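K.L.:
No letters, just coordinates:
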């Protein structure tokens, strides 16, 4: 019986593919980067080629997969396998699931990329053993995944979990979505970069000034972490504020969802490390009710880049086992 | 076979009990009010007496109930029937479920009062037919209930849904819970009263001035609605702002939970009516993603005071049918 599962993580600028054996171990990986997606065929070909590379490395012949799962930006329909829209990959009503099923001659499922990452952490990472999990991924935006009673929560639109767009500061800074005061307009890497840029214009000194020459430059998580550890005053101030704002958003969501574990991931969190997570944890406990947080844990994601491919592969395996 | 169900709604200042026949129709009601709860025995005796009155009115002899369900303020444990704490009723670790089961010689369940109300609206009210519902009740605070895929969502602590305590305006007005900028510190009846009081102190004119003589006076929903309809400038301004803030909070929650129906209830909503709900709906659609709200409805609660007893009774019936 075919036993290998292909997991794929499709992002704004990169694709990662991994082959999983029957025990859920990764036996090969492949990656591709792009500066910009041109159209749906370019996306699909990059995905296919990267997946084929992972298969070659694992010695799995084409047609020998049990299932394929892919995490991709939404909104998307996990039931039909169609990506409804992804502005930054120039996809619209693209049947990614059916196309993958055809190309790899096996069942294929698609899932929101952040949901897939949260599911990976739930089954094999920092959320293991818990049944109610909130995944929070801090990067250029803030993405979220909700595990409710052991299953991904999709809601009516099938695209629940847009946690970056809760209003945390009514009337606050403008968000990419058009609203004011969204959480990701306050505490994402994009927001941190904007605040550093603004402070530089006001005359504040920072070692990160040289990283912000172009109007489109975004400070990386590791540059933020290095400046923070070096005691760069501006960066310390901005990151401490970010920790409080991340805590305010997570605390708000905890009051609504009451998870057992909050898994914190994404570039900023990975680079800043456990001290930053501890600061956020403290801010969460200031905001959320005692009876919500008493036995709740806030932990750093454990799988790094493997979270997305792992979750996607596990969801694909469950789908074929259910069928 | 015993077929009648007793539903009870226990609140900060009142108790309501109703008897339901096998078809789920209310065949009798009873109510009691109190200025303040003294201790747990006073709460329990008031509940029992009110329930007995409803049974007498329906002609149901003691010992002839199939089940009893009660909605009560939390936090509480629906599995053990214990109210963990209710400051304003002076309850602490009170086994309300087991006590009711003993007193009425039938199975008893307890549920958070707002959850019970949301469940009532889901099964018999404005949310009928939908599987994902967000209940939002605007009164002295803002309470919420979440129906996920046809079942009440409890989360890890069993007390999820404290939607009044999401941070909507970081650094904003102080909330009863101690935080700053909670939703209910911005858009509840308590917040509306505070804002009117503040404006009067600044010299603004309003017909509601006479209603605010005592420091503890709270404007009622119907007084707000009357002043609004009479064109009282201050009240119109405050209620329009409240509609936008209610929309900001609901829009935030929609982005996270993606319900099919948002049921709006509570004293302020009932008094202000459909125009106010339409304003809130508009604000929700400004905040939430198009793909979340496209087929979503924002509706006014349909059951009024009956929502809580209905939900509690239906939950009790389901519990005995499952057992």
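P.N.:
Now that the structure is in, tell me what you want to look at. From a predicted model like this one, the values you see are computed outputs, not experimental measurements.

K.L.:
Just the helices from the stretch 1-150 of chain A, written as ranges.
P.N.:
Ranges of helices in the stretch 1-150 of chain A, per DSSP state H, counting those that start in this stretch, are A:40-58, A:96-104, A:113-124.

K.L.:
looking only at pLDDT, what's the mean for the shortest one?
P.N.:
Mean per-residue pLDDT for helix A:96-104: 98.

K.L.:
Okay, buried residues for that helix please.
P.N.:
A:96, A:97, A:99, A:100, A:101, A:103, A:104 (16 or more other CB atoms under 10 Å in any protein chain shown). The way it works is simple: take the backbone N, C-alpha and C, and place the C-beta from them, glycine included.

K.L.:
Low-confidence bits of chain A, can you list those?
P.N.:
Residues of chain A meeting the criterion pLDDT under 70: none.

K.L.:
show me where it has strands.
P.N.:
A:4-10, A:14-20, A:26-33, A:65-72, A:76-77, A:82-86, A:91-94, A:108-112, A:133-138, A:142-148, A:151-152, A:261-265, A:297-300 (DSSP state E).

K.L.:
Burial-wise, tell me which of the helices of the stretch 1-150 of chain A comes out on top.
P.N.:
Each of the helices of the stretch 1-150 of chain A was scored by mean neighbour count; the highest is helix A:113-124, a mean of 29, by mean count of other CB atoms under 10 Å in any protein chain shown.

K.L.:
that older thread, the strands of chain A into JSON lines, with extra columns for distance to chain B?
P.N.:
Output for the strands of chain A, formatted as JSON lines (distance: least, CB to the nearest CB, whole Å):
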{"stretch": "strand A:4-10", "distance to chain B": "19"}
{"stretch": "strand A:14-20", "distance to chain B": "24"}
{"stretch": "strand A:26-33", "distance to chain B": "28"}
{"stretch": "strand A:65-72", "distance to chain B": "15"}
{"stretch": "strand A:76-77", "distance to chain B": "10"}
{"stretch": "strand A:82-86", "distance to chain B": "7"}
{"stretch": "strand A:91-94", "distance to chain B": "12"}
{"stretch": "strand A:108-112", "distance to chain B": "12"}
{"stretch": "strand A:133-138", "distance to chain B": "9"}
{"stretch": "strand A:142-148", "distance to chain B": "6"}
{"stretch": "strand A:151-152", "distance to chain B": "9"}
{"stretch": "strand A:261-265", "distance to chain B": "8"}
{"stretch": "strand A:297-300", "distance to chain B": "10"}
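
K.L.:
could you check the distance from residue A:156 over to chain B?
P.N.:
Applying CB to the nearest CB, to the nearest Å, the value for residue A:156 to chain B is 4 Å.

K.L.:
Number of residues surrounding that residue?
P.N.:
22 (other CB atoms under 10 Å in any protein chain shown).

K.L.:
That one: what's it in contact with?
P.N.:
With contacts defined as CB atoms under 8 Å, 6 or more residues apart in numbering or on different chains, residue A:156 is in contact with B:130, B:131, B:132, B:258, B:259, B:260, B:295, B:296.

K.L.:
residues in the stretch 201-323 of chain A within reach of chain B, list them.
P.N.:
A:245, A:248-249, A:251-253, A:255-260, A:286-289, A:291-292, A:294-296 (CB under 8 Å from any CB of the partner chain).

K.L.:
For ChimeraX, write the select line for the buried members of the residues you listed.
P.N.:
To isolate the buried members of these in ChimeraX, using 16+ other CB under 10 Å:
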select /A:245,248,249,251,252,253,255,256,257,258,259,260,287,288,289,291,292,296
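
K.L.:
In helices, which of the residues of the stretch 201-323 of chain A next to chain B fall?
P.N.:
Judged by DSSP state H, these include A:245, A:248-249, A:251-253, A:255-257, A:286-287, A:291-292 as members of helices.

K.L.:
farthest pair in those?
P.N.:
Greatest spatial distance in those: A:245 and A:291, 23.9 Å, computed using CB to CB.

K.L.:
Please report how far the residue positioned nearest the centre of chain A lies from chain B.
P.N.:
Geometric centre of chain A, nearest residue: residue A:114, 3.9 Å, by CA atoms, centre = their mean. To chain B, residue A:114 is 13 Å away according to CB to the nearest CB.

K.L.:
JSON lines for the strands of chain A, including mean neighbour count?
P.N.:
Shown next, in JSON lines, are the strands of chain A (neighbours: other CB atoms under 10 Å in any protein chain shown):
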{"stretch": "strand A:4-10", "mean neighbour count": "28"}
{"stretch": "strand A:14-20", "mean neighbour count": "24"}
{"stretch": "strand A:26-33", "mean neighbour count": "16"}
{"stretch": "strand A:65-72", "mean neighbour count": "27"}
{"stretch": "strand A:76-77", "mean neighbour count": "23"}
{"stretch": "strand A:82-86", "mean neighbour count": "20"}
{"stretch": "strand A:91-94", "mean neighbour count": "17"}
{"stretch": "strand A:108-112", "mean neighbour count": "27"}
{"stretch": "strand A:133-138", "mean neighbour count": "29"}
{"stretch": "strand A:142-148", "mean neighbour count": "27"}
{"stretch": "strand A:151-152", "mean neighbour count": "18"}
{"stretch": "strand A:261-265", "mean neighbour count": "27"}
{"stretch": "strand A:297-300", "mean neighbour count": "19"}
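
K.L.:
Let me have those strands in JSON lines, extended by distance to residue B:24.
P.N.:
Listed next are those as JSON lines, based on distance: least, CB to CB, whole Å:
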{"stretch": "strand A:4-10", "distance to residue B:24": "47"}
{"stretch": "strand A:14-20", "distance to residue B:24": "49"}
{"stretch": "strand A:26-33", "distance to residue B:24": "53"}
{"stretch": "strand A:65-72", "distance to residue B:24": "43"}
{"stretch": "strand A:76-77", "distance to residue B:24": "35"}
{"stretch": "strand A:82-86", "distance to residue B:24": "39"}
{"stretch": "strand A:91-94", "distance to residue B:24": "43"}
{"stretch": "strand A:108-112", "distance to residue B:24": "38"}
{"stretch": "strand A:133-138", "distance to residue B:24": "36"}
{"stretch": "strand A:142-148", "distance to residue B:24": "28"}
{"stretch": "strand A:151-152", "distance to residue B:24": "30"}
{"stretch": "strand A:261-265", "distance to residue B:24": "39"}
{"stretch": "strand A:297-300", "distance to residue B:24": "42"}
